[in-house]
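Colleague: no FASTA, just this:
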């Protein structure tokens with residue numbers, strides 16, 4: 001028998017994902033009195049902070065800005081234990097939010113949305129899950145995360161390894177016993193760095209396989225006292241407004257004075273002060289010219305290289321850990337704690353894959369060009385298909401049955417990273433061509449994007465309309481603006497970066513994150529909203 005609309009569960013909205021964005025989106029739509037179903041592939045809330053429970057997993061935005069701002073009561077009752085909370089504390093926070101606002105009853109856990117098809121006749125979405133549920137919904141909000149689609153190990157024979165293997169983003173809740181084991185860590189991005197520095201003193205031997213050396217910043221992570229909590233709480237009204245206006249949604253911003261106007265001693269003082277802060281301030285709190293001017297970028301880069309050299313005893317190893325083919329801040333900048341000191345240990349070895357590439361993996365270990373390395377455990381810190389990966393793994397079909405995956409395979413398109421022309425009533429957070437895709441403190445952009453989406457849905461409902469979507473002209477204009485802003489940056493020219501999709505074979509090379517700044521992006525979105533969602537067809 002042919003399925004009809006009457007056979008489906010009807011809801012006003014489906015919210016996919018229960019991380020920072022998904023929980024807040026669910027809250028905002030329930031606040032409007034809508035009938036909403038949430039779906040989450042994990043067995044609990046948290047998104048990134050549910051899946052990424054590898055050793056050393058930790059936030060690298062300060063906890064006092066890595067939180068929700070929508071509830072003064074929530075701000076009053078929650079206290080972060082330290083400046084940069086660990087995974088478990090962030091997961092507890094999100095569970096607390098979920099239960100405080102009664103969201104859990106609206107979420108179906110352990111359930112993955114597999115397909116979402118727009119029906120041209122009814123102008124509704126049919127959503128299917130891996131458990132066999134099928135729903136009809138007017139609105140569909142995809143909060144699938146920007147870094148949530150892990151890449152499969154790109155090495156021949158990886159499935160034949162006889163020991164324990166794990167991608168960092170799928171670390172088991174019960175953990176993995178690494179004591180006394182021979183361990184390989186493949187990848188030295190933000191995640192790999194946190195793993196390496198954490199397990200170095202636990203394992204018998206560790207071999208780190210590095211493709212691209214990273215610039216890092218030493219984390220300063222004090223514990224908080226009651227007095228600290230009171231002082232921070234007094235700052236919340238200021239911080240709430242401050243983060244909405246800065247370049248990446250932190251409580252600090254670029255140096256206001258031009259680099260060229262400052263004497264060398266003052267530049268050094270500014271850099272050292274930002275470095276000593278032990279946060280990402282050195283990245284986005286010094287000179288904005290570092291994103292555009294190769295000479296400024298080199299000065300920042302050499303400042304960091306000097307500090308790396310000073311911490312690694314073996315000069316040969318130190319040189320391998322120094323980035324040379326790109327400038328500081330043009331790839332993801334991790335914070336670290338004693339990362340470089342790990343390479344001073346007798347039980348830690350570094351393999352530069354540019355000199356000695358992996359040929360294959362077998363039952364016993366990893367074969368590089370020069371040697372065979374036996375292991376008990378292989379940890380893959382090999383990254384994600386950023387921005388597009390999670391959505392492309394769902395069979396999303398818009399008007400006329402057009403496939404989102406096929407569309408993006410020809411060229412990634414969005415309007416402000418919030419909607420795509422041809423996919424009415426489908427909204428996204430942390431999608432390509434918004435700051436949230438790469439250059440934003442996540443809760444800051446979550447606050448802004450979820451707010452805009454909620455207001456767009458309310459706009460449609462207030463007019464008893466059926467759909468909203470950007471016009472083709474609006475989308476073209478946004479993409480042209482995005483490309484114009486990114487074209488002259490050093491970030492857009494950096495190879496081997498998930499910022500540009502260069503870590504995924506066959507993916508379009510294009511800067512995924514909007515680099516006009518969080519404050520400017522918010523103003524642009526607010527302007528569209530203030531003009532009655534000008535450039536969006538409401539029918």
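Modeller: In hand now; what should we look at? The structure presented is a predicted model; accordingly, all values stated were derived computationally and were not measured.

Colleague: what sits against residue 397?
Modeller: Listed by CB atoms under 8 Å, 6 or more residues apart in numbering, the contact set of residue 397 reads 115-118, 403-404. No exception for glycine: its C-beta is placed from N, CA and C like everyone else's.

Colleague: Repeat that for residue 224.
Modeller: By CB under 8 Å, 6+ apart, residue 224 lies in contact with 79-83, 232.

Colleague: Please report how far it lies from residue 521.
Modeller: Computed as CB to CB, to the nearest Å, the residue 224 to residue 521 distance reads 31 Å.

Colleague: the helices in the stretch 301-450 of the chain, which residues?
Modeller: Secondary structure of the stretch 301-450 of the chain (DSSP state H, counting those that start in this stretch): helices located at 315-320, 339-342, 389-392, 404-410, 442-462.

Colleague: Select, out of those, the one closest to residue 14.
Modeller: Among the helices of the stretch 301-450 of the chain, the nearest to residue 14 by CB to CB is helix 442-462 (12.1 Å).

Colleague: So which bits of that closest one are buried?
Modeller: For helix 442-462, burial by neighbour count (16 or more other CB atoms under 10 Å) applies to 442-457, 459-460.

Colleague: Likewise for stretch 143-152?
Modeller: For stretch 143-152, burial by neighbour count (16+ other CB under 10 Å) applies to 143-151.

Colleague: can you redo those residues as JSON lines with distance to residue 276?
Modeller: Putting those into JSON lines (distance: CB to CB, whole Å) gives the following:
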{"residue": "143", "distance to residue 276": "36"}
{"residue": "144", "distance to residue 276": "38"}
{"residue": "145", "distance to residue 276": "33"}
{"residue": "146", "distance to residue 276": "30"}
{"residue": "147", "distance to residue 276": "29"}
{"residue": "148", "distance to residue 276": "34"}
{"residue": "149", "distance to residue 276": "37"}
{"residue": "150", "distance to residue 276": "35"}
{"residue": "151", "distance to residue 276": "35"}
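
Colleague: ok, so of those, who is nearest residue 476?
Modeller: Relative to residue 476, the closest of the buried residues of stretch 143-152 is residue 146; by CB to CB it sits at 23.4 Å.

Colleague: got a list of what the closest one touches?
Modeller: Contact analysis of residue 146 by CB under 8 Å, 6+ apart lists 386-387, 430-431, 436-438.

Colleague: ok, back up a step: buried members of the contacts of residue 224 into ChimeraX, please.
Modeller: Buried subset of the contacts of residue 224, written as a ChimeraX selection, criterion 16+ other CB under 10 Å:
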select :80,82,83,232
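
Colleague: Shouldn't residue 492 be within a helix?
Modeller: Yes. The assignment for residue 492 (DSSP: H, G, I helix; E, B strand; the rest coil) places it in a helix.

Colleague: Please tell me how far it sits from residue 339.
Modeller: The gap separating residue 492 from residue 339 is 27 Å, by CB to CB.

Colleague: Repeat that for residue 229.
Modeller: In terms of CB to CB, residue 229 sits 29 Å off from residue 339.

Colleague: One more: residue 90?
Modeller: In terms of CB to CB, residue 90 sits 21 Å off from residue 339.

Colleague: Name the residues of stretch 165-178 that are buried.
Modeller: Buried positions in stretch 165-178, judged by neighbour count with 16+ other CB under 10 Å: 165, 167-169, 171, 176, 178.

Colleague: where does this structure dip in pLDDT?
Modeller: Within the chain, the ranges that satisfy pLDDT under 70 run 1-6.

Colleague: on that earlier part again, just the closest of the contacts of residue 146 to residue 257, please.
Modeller: Nearest to residue 257 among the contacts of residue 146: residue 438, at 26.4 Å, using CB to CB.

Colleague: Please name the residues that touch the residue lying closest to that closest one once chain neighbours are set aside.
Modeller: What sits nearest to residue 438 in space, not counting adjacent residues and going by CB to CB, 6 or more residues apart in numbering, is residue 513, at 2.8 Å. Contacts for residue 513 (CB under 8 Å, 6+ apart) come out as 432-440, 499.

Colleague: Any idea what residue 513 is bridged to?
Modeller: Using DSSP bridges, the bridge partners assigned to residue 513 are residue 434.

Colleague: isn't residue 49 right next to residue 85, touching?
Modeller: No. Under the criterion of CB atoms under 8 Å, residue 49 makes no contact with residue 85, lying 9.4 Å away.

Colleague: before we move on, back to that, so for residue 229 and residue 339, which sits in the more crowded spot?
Modeller: Using other CB atoms under 10 Å, the more surrounded residue of residue 229 and residue 339 is residue 339, with 25 against 15.

Colleague: Can you give me the distance of the more buried one to residue 327?
Modeller: Taken as CB to CB, the span from residue 339 to residue 327 is 20 Å.

Colleague: Same question for residue 408.
Modeller: In terms of CB to CB, residue 408 sits 29 Å off from residue 327.

Colleague: Just want to know which of those two has more residues nearby.
Modeller: For residue 408 versus residue 327, the count of surrounding residues by other CB under 10 Å is larger for residue 327: 23 against 20.

Colleague: Among the buried residues of stretch 143-152, which one lies nearest to residue 74?
Modeller: Distance to residue 74 across the buried residues of stretch 143-152 (CB to CB) is lowest for residue 143, with 19.2 Å.
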